[in-house]
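1. build me a model from this:
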Amino acid sequence: MSNTLKTTFLLGLLTGVILAIGQFFGGTSGLVVAFVFAAVTNLGSYWFSDRIVLSMYGARPVTPDQAPELHATVRELCTQARLPLPRLYVIESPSPNAFATGRNPRHAAVAVTTGLLRILDERELRGVLAHELAHVRNRDILTCSIAATLAGAIMMLANMAQWAAFFGGMHRDRDNGGNVIALVLTAVLAPIAALLIQAAISRAREFQADATGARISGDPLALASALERLGQASRRLPLDAHPYTAHLFIVNPLEGNRLAGLFSTHPPLEERIARLRRMA
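-> As a prediction, the model looks like this:
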């Protein structure tokens, strides 16, 4: 399925979920409110998903004066990949990681953590940045960013259902049975948010970004070495990440979490590293 179809599918599915919940809790009036909410959420997801994700992690933009080496490396890689320069951001976190976001190559952003800048050497950093630019070149970033935003919206709807049950805001049934239904709905919708991401974001995209990034940088072994370091460090210092944005990062930020494997959208690091070494 192309990224355009994936994006359309996600927007349509979210709209259906929102309308169904609005109808269930508020009847006709709830359906109207849900329709307005869905329209605003869909438009916001398309236009502002990158800003939403960046703000979640307190990412701050960095200028060429503030990070000359980072900008120089990205500029060189963009020239080789024939891509426009993305906006660059830094996240204050000791956990090493990185992600790309945006709705298209002309509106892309790449964010790296301070932990990543601290532990990687110049070659490894170049490999990671090439991987993130590969996501931009392969046009993964819109689908990934929207998936994160929509998963967050579904989580919010699940919480709204829970509060509605607590305060007796049921349209069809205001007794304890109605509260139980809403609580069950909450328990079901939260895992569905994670499953939506897994259905929409194929693990194959990471393999593809690794291969494309290795071709852009011309140094697959550097990316392999970087992934090895990032994997080890992330297990020791997992990033305080939202589960529904985990798929954006180059390595699973929840690797140190015992439940991470249940919702992992990343293929095994060992396999990614082995493929890169075979490329070399």
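2. for the stretch 101-250 of the chain, what spans make up the helices?
-> Here the stretch 101-250 of the chain has its helices, by DSSP state H, counting those that start in this stretch, at 114-119, 122-137, 141-166, 176-200, 204-217, 220-236.
3. quick one, the last one and helix 204-217 angle?
-> So that's helix 220-236. 130 degrees (axes from the mean of the first three to the mean of the last three CA atoms, to 10 degrees).
4. out of the helices of the stretch 101-250 of the chain, name the one with the poorest average pLDDT.
-> Between these, the lowest average pLDDT goes to helix 176-200, which shows a mean of 60.
5. what's near enough to touch Gly44?
-> 52, 149 (CB atoms under 8 Å, 6 or more residues apart in numbering). All C-beta atoms are positioned from the backbone trio N, CA, C, and that covers glycine.
6. any idea of the mean pLDDT for whatever helix or strand it lives in?
-> Using DSSP states H and E, Gly44 maps to helix 3-56. Confidence over helix 3-56 (mean pLDDT, whole number) is 75.
7. and it, how far out from the chain's middle?
-> Offset of helix 3-56 from its chain centre (CA atoms, centre = their mean, to the nearest Å): 17 Å.
8. show residues contacting the very next helix or strand once past that helix.
-> Past helix 3-56, further along toward the C-terminus, the next helix or strand under DSSP H and E is strand 60-61. Strand 60-61 has contacts (CB under 8 Å, 6+ apart) with 87-92.
9. cutoff 7 Å now
-> 87-90 (CB atoms under 7 Å, 6 or more residues apart in numbering).
10. same question, stretch 67-83
-> 62, 64, 84-85, 88, 105, 110, 125-126, 129-130, 133, 136-137, 216-217.
11. redo that, cut-off 6 Å
-> When contacts are defined by CB atoms under 6 Å, 6 or more residues apart in numbering, stretch 67-83 is touched by residues 64, 85, 105, 126, 129-130, 133, 137, 216.
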